[in-house]
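Undergrad: Need a 3D model of the sequence below.
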Amino acid sequence: MRYELRRATAEDAPGMFETQVDAFDLADNPMRLERARASVFGHPEAHIVMVDDTGRVVGLVHIGDTWINVGKCAVLKGDVGHVSIRTELQGEGLGTHMMRWTVEHLRDSGYHLSRLGGLMHFYSRFGYEPFPRRFVEIDLQSVHGGRRQIPAAEVYPEPEGFPGTVRAYDEVRDFAARVRLRYRFDHGRSGAQQVSPEAEPPASPAPPDPDAMRWVYEREGQVLGCLFAVESPLEARGEETVFSIAEFAYDQAHPDAAGALMRTLLARAARCERARVISRLPFDEMLTEALQLAGVSLARKELHQAVAGNMILLLDLAATLRRVAPELTDRLANSLVAGWEGAIEIAIPQRGACPGGDPSAVTAGGALPGEACWLVIAGGQVSVDTAPGPAELALRMTQAHFVKALFGIAALTELPCVRAPDLSPTHRGVLDALFPRTKTGSGPWG
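TA: Below is the predicted model of the structure:
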């Protein structure tokens, strides 16, 4: 039997749905079943399918597109998920073949990065490496206060005393303000999803729904913040109710907006006997302080998994650096080493380090060998060259090191790939200028 791999069409949707239900045994899981149905019938073009000689779908991969900010530039990430092979064909190498083809397709299609979640010993063979996940969590449990336990409903009553008002989101009145807030909140924030200020309102705007967890904060007729949340039963552990913040933005000149909106959500969540709120809010000191001042306790969590979890693949080092070169140029111009000139070699010797295994035995199937390029700095401009040449600094790093520095999760000089004691003050200044730690967004990369 021969198999073909290609982008899916609407005609493939029934076969994709059947394959996914079979591969993940979804028939008795109504919530996951409906999510699978919505994905394949609502967005069939976002999938790659494997079909046999008869045209029957026997495998599929979902690819979600996200542009992620690197300062004022952005890189394109392909989020790989729902990797499915019909059960009667599993174990024959079709999943491996499909994933290798997918990785080559992503690189050839101009993606810079790819992310997925899964077993690391399996996906490392395609070049993926472990990468952290970040999220902010608020666990609404009773609080020990002196001689008694204070219940969550008492800790988080309906908010009072704020200078503005929280009201239900009205798509007709608030759409433009919501887009503006989201753009300003995340514009230039590395690691956050790129938001266009030119978004068009829906043709059929939804009326305000007082029961929906969709609110804006208004003060003197001006919308200063918005928060959208949903119940997320798939995230629940045991007998708890989990709420997920799907969208959040506020004018950082008005921290009361952040506090009032979050307190409104927590008052709703506190009605449940046991509740938790999860979100991909940025690790931003201004936001954390605004919430603390409003009486909101939170935990900023960063997960570093080693068996199964989040993984990253750098598809094209040179193309990624070229994409962000204007941002690197601006960073250098605004630093104390603006006049420095020279070349920095950045090399990714291999892709696909597997925890607990032999990294040298892991390959990307020939599709993605190691890669090196040179950041050339001259006349105040940063450019990228792939031809070998002399370099003042030669850095060897993993994909994870590079992407952490790219998104500002860590400064490049903090990472093991750079021996900071060996750097001259000037070289340290150059690397800190180009790749600093920043107020990184937490959602799209993990």
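Undergrad: Alpha carbons of stretch 174-186, as CSV, please.
TA: Provided in CSV are the C-alpha atoms of stretch 174-186 (Å, rounded to 0.1, in the frame of the first residue of the first chain):
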residue,chain,number,x,y,z
ASP,A,174,-16.2,47.9,22.9
PHE,A,175,-14.6,46.0,20.0
ALA,A,176,-12.3,48.9,18.8
ALA,A,177,-11.2,49.6,22.4
ARG,A,178,-10.6,45.9,23.1
VAL,A,179,-8.3,45.7,20.0
ARG,A,180,-6.5,48.8,20.9
LEU,A,181,-5.9,47.6,24.5
ARG,A,182,-4.6,44.2,23.3
TYR,A,183,-2.3,45.7,20.8
ARG,A,184,-0.8,48.2,23.3
PHE,A,185,-0.5,45.6,26.1
ASP,A,186,1.5,43.1,24.0
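Undergrad: for that stretch, which positions count as buried?
TA: Buried residues in stretch 174-186, counting neighbours by 16 or more other CB atoms under 10 Å, are found at 174, 175, 177, 178, 179, 180, 181, 182, 183, 185, 186. From N, CA and C alone the C-beta is placed, and that goes for glycine too.
Undergrad: Now, those residues that are in strands?
TA: With strands defined by DSSP state E, no entry of the buried residues of stretch 174-186 lies inside them.
Undergrad: Next, format these as TSV and append pLDDT.
TA: Shown next, in TSV, are those (pLDDT from 0 to 100):
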residue	pLDDT
174	96
175	96
177	96
178	96
179	96
180	96
181	97
182	95
183	95
185	96
186	93
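Undergrad: Go through the residues you listed and name the one nearest residue 80.
TA: Checking these against residue 80 by CB to CB gives residue 186 as the nearest, at 23.6 Å.
Undergrad: close enough to count as contact, residue 27 and residue 21?
TA: Yes: contact criterion CB atoms under 8 Å: residue 27 and residue 21 qualify, at 5.9 Å.
Undergrad: what comes up buried for stretch 116-127?
TA: Across stretch 116-127, burial judged by 16+ other CB under 10 Å covers 116, 117, 120, 122, 123, 124, 125, 126, 127.
Undergrad: got the residue ranges for the strands in the stretch 201-350 of the chain?
TA: 214-219, 222-231, 241-250, 275-279, 299-303, 308-314, 342-348 (DSSP state E, counting those that start in this stretch).
Undergrad: Show me which residues of the first one are buried.
TA: Within strand 214-219, the residues scored as buried using 16+ other CB under 10 Å are 214, 215, 216, 217, 218, 219.
Undergrad: what's it in contact with?
TA: Residues outside strand 214-219 that contact it (CB atoms under 8 Å, 6 or more residues apart in numbering) are 162-170, 174, 177-178, 223-229, 250, 254, 256-257, 260-261, 264-265.
Undergrad: Tell me the strands beside that strand, with direction?
TA: Looking at strand 214-219 with DSSP bridges, its partner strands are strand 165-168 (antiparallel), strand 222-231 (antiparallel).
Undergrad: cool, the fifth one as well?
TA: The strands that strand 299-303 pairs with in its sheet are strand 133-140 (antiparallel) (by DSSP bridges).
Undergrad: was I right about residue 72 contacting residue 327?
TA: Yes: using CB under 8 Å, residue 72 is in contact with residue 327, at 5.7 Å.
Undergrad: buried ones in the helix or strand containing residue 60?
TA: Element membership for residue 60 (DSSP states H and E) is strand 57-70. Neighbour counts using 16+ other CB under 10 Å place 57, 58, 59, 60, 61, 62, 63, 66, 68, 69, 70 of strand 57-70 among the buried residues.
Undergrad: With stretch 390-400 instead?
TA: Applying a neighbour-count criterion of 16+ other CB under 10 Å, one finds 391, 393, 395, 397, 398, 399, 400 buried in stretch 390-400.
Undergrad: Quick one: mark the members of these that sit in helices.
TA: 399, 400 (DSSP state H).
Undergrad: tell me how far stretch 47-63 is from the chain's mean position?
TA: Computed by CA atoms, centre = their mean, to the nearest Å, the separation of stretch 47-63 from the middle of its chain amounts to 27 Å.
Undergrad: gap between the two ends of that stretch?
TA: From its first residue to its last, stretch 47-63 covers 6 Å (CA to CA, to the nearest Å).
Undergrad: which stretches of the stretch 301-446 of the chain form helices?
TA: Secondary structure of the stretch 301-446 of the chain (DSSP state H, counting those that start in this stretch): helices located at 317-333, 399-407, 425-434.
Undergrad: for the longest one, packing partners?
TA: Helices and strands in packing contact with helix 317-333 are listed as strand 57-70, strand 73-85, strand 342-348, strand 371-378, strand 381-385, helix 399-407, helix 425-434; criterion 3 or more CB pairs under 8 Å, 6 or more residues apart in numbering; DSSP states H and E.
Undergrad: Give me the angle between that helix and strand 342-348.
TA: On the basis of axes from the mean of the first three to the mean of the last three CA atoms, to 10 degrees, helix 317-333 is oriented at 140 degrees to strand 342-348.
Undergrad: in helix 317-333, what counts as buried?
TA: So, applying 16+ other CB under 10 Å, buried residues of helix 317-333: 317, 319-325, 327-329, 331-332.
Undergrad: Name the surrounding residues that touch it.
TA: Residues from elsewhere that reach helix 317-333, judged by CB under 8 Å, 6+ apart: 70-75, 110, 112-113, 314, 338, 340, 346, 348, 371-373, 375, 377, 380-384, 386, 402, 406, 430, 433-434, 436.
Undergrad: So residue 250 sits against residue 257, correct?
TA: Yes: with contact defined as CB under 8 Å, residue 250 and residue 257 form a contacting pair (4.1 Å).
Undergrad: Now for those two: what residues contact both?
TA: Applying CB under 8 Å, 6+ apart, one finds that residue 250 and residue 257 are jointly contacted by 217, 224, 225.
Undergrad: Need the pLDDT of the first one.
TA: Looking at residue 217, its pLDDT reads 98.
Undergrad: what do you get for the last one?
TA: According to the predicted model, the pLDDT of residue 225 comes to 98.
Undergrad: Which residues are in contact with it?
TA: Counting by CB under 8 Å, 6+ apart, residue 225 touches 181, 216, 217, 249, 250, 251, 254, 257, 258, 260, 261.
Undergrad: What remains of the residues you listed if I keep only buried residues?
TA: When the contacts of residue 225 are checked for burial by 16+ other CB under 10 Å, the buried set is 181, 216, 217, 249, 250, 251, 254, 257, 258, 260, 261.
Undergrad: Out of the residues you listed, which comes closest to residue 445?
TA: Taking CB to CB as the measure, residue 445 lies nearest residue 249 of these, at 18.7 Å.
Undergrad: Next, the contact list for that closest one, please.
TA: Neighbour list for residue 249: 178, 181, 182, 184, 185, 186, 225, 226 [criterion: CB under 8 Å, 6+ apart].
Undergrad: I'd like to know how many residues surround the residue nearest to residue 311 when sequence neighbours are not counted.
TA: Among residues not flanking residue 311 along the chain, residue 128 sits closest, at 3.9 Å (CB to CB, 6 or more residues apart in numbering). Residues contacting residue 128 under the criterion other CB atoms under 10 Å number 30.
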